[in-house]
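S.K.: For reference, the sequence and a predicted model appear below.
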Amino acid sequence: MRSIQRADGSWEGLWGVGFTYGTWFGIEGLLDAGADKMDPAITKACDFLVSKQLPDGGWGETFESCVKRSYVQHKRSQVVNTAWALLVLLKADFADRVIIDRGIALLRARQLPDGN
């Protein structure tokens, strides 16, 4: 895992949409293998995710990331990207709760009246 982490802290995902997805599993894999939450690879990956948070509190990456093999920002936050980023930031015990709360607020705002 460590050998394929990119210099910006991300991992490329090869099944889900790009780097948000890949970084989720990179962090998750290191933690599940016993890495400390303060491991430099994990903190760098969390910093990468935080750097991609949009002003509305969410995350949004387009499928073009998979084609270009570099992060391509979507013009609008995407629920799935936001959920992936939040899942892993929470698992890593990311310290800045404001970042997490902003993402949660976006998810709540996008939830439909029927719960979807």
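M.R.: Received, thanks. None of the values given here were measured: they were computed from a predicted structure.

S.K.: Please count neighbours and contacts with C-alpha atoms only from this point.
M.R.: Noted.

S.K.: Tell me which stretches of this structure form helices.
M.R.: 18-32, 40-51, 64-68, 79-91, 97-110 (DSSP state H).

S.K.: Restricting to C-alpha, output the shortest one in CSV.
M.R.: I take that to be helix 64-68. The C-alpha coordinates for helix 64-68 follow below in CSV (Å, rounded to 0.1, in the frame of the first residue of the first chain):
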residue,chain,number,x,y,z
GLU,A,64,-12.8,11.6,-15.8
SER,A,65,-10.4,11.0,-13.0
CYS,A,66,-10.4,7.3,-14.1
VAL,A,67,-9.7,8.2,-17.7
LYS,A,68,-7.1,10.9,-17.0
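
S.K.: And that helix, what's buried?
M.R.: Residues of helix 64-68 classed as buried by neighbour count (16 or more other CA atoms under 10 Å): 65, 66.

S.K.: so what does the worst-scoring helix or strand of the chain on mean pLDDT touch, helix or strand wise?
M.R.: Least confident helix or strand, the chain: helix 64-68 with a mean of 91, by mean pLDDT, DSSP states H and E. If contacts are counted by 3 or more CA pairs under 8 Å, 6 or more residues apart in numbering; DSSP states H and E, helix 64-68 sits against helix 18-32.

S.K.: what angle do the helix it packs on and helix 79-91 make?
M.R.: 20 degrees (axes from the mean of the first three to the mean of the last three CA atoms, to 10 degrees).

S.K.: All good on my end, thank you.
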